[in-house]
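K.L.:
Below is the structure, and that's it, no one-letter string:
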């Protein structure tokens with residue numbers, strides 16, 4: 001990871017030097033080196049209850065709690081051509097507990113949670129004409145997977161009211177093959193919790209972490225395009241299109257599937273998935289104190305899911321430094337052709353899952369965001385703003401969740 005960060009910083013310095021050599025003969029700008037401009041601190045708590053655990057074949061406790069903390073440092077500088085350079089470094093740490101993961105082992109005594117660590121580094125250069133280009137790199141690690149990502153993004157001003165945006169990214173994951181305890185692909189035992197496959201690989205069952213657990217790859221490639229348009233002084237809209245292609249191991253090996261004959265199997269899904277989300281966003285400024293924000297997205301994939309998302313947010317400005325924004329989101333989807341509940345799949349099925357996130361469902365998310373930015377700061381002049389966001393989520397599969405997030409900006 002250290003080598004990766006140094007490489008990206010080297011690329012950044014190369015671009016900085018290249019842009020710095022292109023001074024206009026009629027204009028001289030002062031070069032300003034990168035300087036810490038902003039610190040963002042985000043902390044959130046999430047809790048969930050449900051009765052359709054994929055670990056237990058579509059039935060069982062889905063209780064989850066997650067505590068997440070993220071720190072972002074933003075550095076800003078200008079080169080001799082008056083291009084603005086922004087360098088953002090982030091570090092996130094999540095810790096979650098899950099009742100269902102305990103049942104990877106039939107005894108219910110296996111791992112019930114984990115910690116995820118995800119650093120990121122992102123550089124963006126913006127010209128004095130409003131065009132931009134940037135590079136990003138991401139990493140995430142948890143006990144059952146590791147992920148590495150690269151991204152390139154940019155924007156182009158077509159006119160004073162129109163902007164095109166684009167992004168390409170690739171994420172390369174390694175999923176550890178942790179099987180349910182009764183479905184370990186071997187009967188050779190080397191210890192009470194350690195198993196050896198026919199090929200001689202040794203690993204642990206029941207969700208217990210081991211560096212010897214074999215992994216399978218999963219790759220995700222995304223190309224995104226966007227058009228942002230200012231219609232008039234009160235109205236703006238944007239159109240967004242994503243093309244997503246995935247390949248590799250796309251299921252999870254500890255998800256059970258119970259067939260109609262009573263037998264139990266490991267979830268099996270195709271190794272290719274393509275997704276096509278298309279979104280439209282429309283914002284209308286209904287006066288000095290109210291903004292109407294609307295969003296709609298259509299989604300389709302080759303696994304048979306068709307989905308619609310509609311969202312409404314109404315930020316209300318109480319005064320110059322205090323606002324509240326209630327929001328509501330509705331989502332509905334058809335089920336994947338590979339999904340069936342417990343006891344329905346048969347041996348004639350090539351692909352099968354009882355993961356209810358792939359079932360036909362609808363959901364609602366309701367909450368509000370409170371924004372505070374007093375002129376003299378919050379408690380200290382260095383804390384320029386604070387956001388508090390609460391949301392409650394309900395799903396037709398009898399899944400319920402709540403989240404609470406605090407975000408602070410330090411200047």
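P.N.:
Right, received. Where do you want to start? Note that the structure is predicted; figures quoted are calculated from it, not measured.
K.L.:
where's residue 303, which helix or strand?
P.N.:
For residue 303, there is no enclosing helix or strand under DSSP states H and E.
K.L.:
For the stretch 101-250 of the chain, which residues score under the pLDDT cut-off?
P.N.:
110-111, 186-211 (pLDDT under 70).
K.L.:
change it to 50
P.N.:
Counting by pLDDT under 50, the stretch 101-250 of the chain shows low-confidence ranges at 187-210.
K.L.:
so who does the residue nearest to residue 342 when sequence neighbours are not counted touch?
P.N.:
Excluding the flanking residues, the one nearest residue 342 by Cβ to Cβ, 6 or more residues apart in numbering is residue 58, at 4.5 Å. Where C-beta positions appear, they are placed from N, C-alpha and C, glycine not excepted. Applying Cβ atoms under 8 Å, 6 or more residues apart in numbering to residue 58 gives the contacts 52, 258, 341-342, 354-356.
K.L.:
10 Å - rerun?
P.N.:
51-52, 255-258, 339-344, 353-356, 359, 397 (Cβ atoms under 10 Å, 6 or more residues apart in numbering).
K.L.:
Buried subset of the residues you listed, written for PyMOL?
P.N.:
Per 16 or more other Cβ atoms under 10 Å, the buried members of those correspond to this PyMOL selection:
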select buried, resi 52+255+256+257+258+339+340+342+353+354+355+356+359+397
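K.L.:
Next step: the contacts of residue 58 restricted to helices.
P.N.:
If you go by DSSP state H, those have nothing in helices.
K.L.:
So which of the contacts of residue 58 belong to strands?
P.N.:
Taking DSSP state E, the ones among the contacts of residue 58 that sit in strands are 256-258.
K.L.:
closest to residue 115 among those residues?
P.N.:
residue 256 (24.8 Å; Cβ to Cβ).
K.L.:
Roughly how far does residue 64 sit from residue 287?
P.N.:
According to Cβ to Cβ, to the nearest Å, residue 64 stands 41 Å off from residue 287.
K.L.:
Compare these two and say which one has the larger neighbour count.
P.N.:
Between residue 64 and residue 287, counted using other Cβ atoms under 10 Å, the more crowded position is residue 64 (19 against 8).
K.L.:
got a pLDDT number for that one?
P.N.:
Predicted confidence (pLDDT) for residue 64: 96.
K.L.:
so what's it up against?
P.N.:
46-50, 53, 96-101, 113, 401.
K.L.:
Give me the neighbour count for the closest residue in space to residue 230 that isn't next to it in sequence.
P.N.:
In space, residue 230 comes closest to residue 161 once its chain neighbours are excluded; the distance is 4.2 Å by Cβ to Cβ, 6+ apart. Using other Cβ under 10 Å, residue 161 has 12 neighbouring residues.
K.L.:
what does residue 175 give?
P.N.:
Using other Cβ under 10 Å: residue 175 sits among 20 other residues.
K.L.:
so what's it up against?
P.N.:
Here residue 175 is in contact with 144-147, 214-218, 248-253 (criterion: Cβ under 10 Å, 6+ apart).
K.L.:
one more time with 8 Å
P.N.:
With Cβ under 8 Å, 6+ apart, residue 175 has these contacts: 144-145, 215-218, 248-249, 252-253.
K.L.:
ditto for residue 393
P.N.:
363-365, 399-403.
K.L.:
circling back: roughly how far does the residue nearest to residue 230 sit from residue 292?
P.N.:
20 Å.
K.L.:
Same question for residue 32.
P.N.:
39 Å.
K.L.:
Also residue 69?
P.N.:
Taking Cβ to Cβ, one finds residue 69 at 33 Å from residue 292.
K.L.:
cool, and residue 59?
P.N.:
42 Å.
K.L.:
Which one of these two is surrounded by more residues?
P.N.:
More crowded of residue 59 and residue 292, by other Cβ under 10 Å: residue 59, with 18 against 15.
K.L.:
what residues are up against the residue nearest to that one when sequence neighbours are not counted?
P.N.:
Once flanking residues are discounted, residue 59 sits nearest to residue 342: 5.4 Å by Cβ to Cβ, 6+ apart. For residue 342, the contact set (Cβ under 8 Å, 6+ apart) comprises 57-59, 258, 354.
K.L.:
how close does residue 342 get to residue 52?
P.N.:
From residue 342 to residue 52 the distance is 9 Å (Cβ to Cβ).
K.L.:
Next, show the common contact partners of the two.
P.N.:
58-59.
K.L.:
Would you map the strands across the stretch 301-411 of the chain?
P.N.:
Taking DSSP state E, counting those that start in this stretch as the test, the strands found in the stretch 301-411 of the chain are 306-313, 316-319, 322-333, 361-372, 383-395, 399-410.
K.L.:
what's the offset of the third one from the middle of its chain?
P.N.:
In terms of Cα atoms, centre = their mean, to the nearest Å, the centre of strand 322-333 is found 18 Å from the chain centre.
K.L.:
tilt between it and strand 306-313?
P.N.:
With axes from the mean of the first three to the mean of the last three Cα atoms, to 10 degrees applied, the angle from strand 322-333 to strand 306-313 works out at 170 degrees.
K.L.:
Please apply the same query to the longest one.
P.N.:
Angular relation of strand 383-395 and strand 306-313 on a 0 to 180 degree scale: 140 degrees, by the same axes, to 10 degrees.
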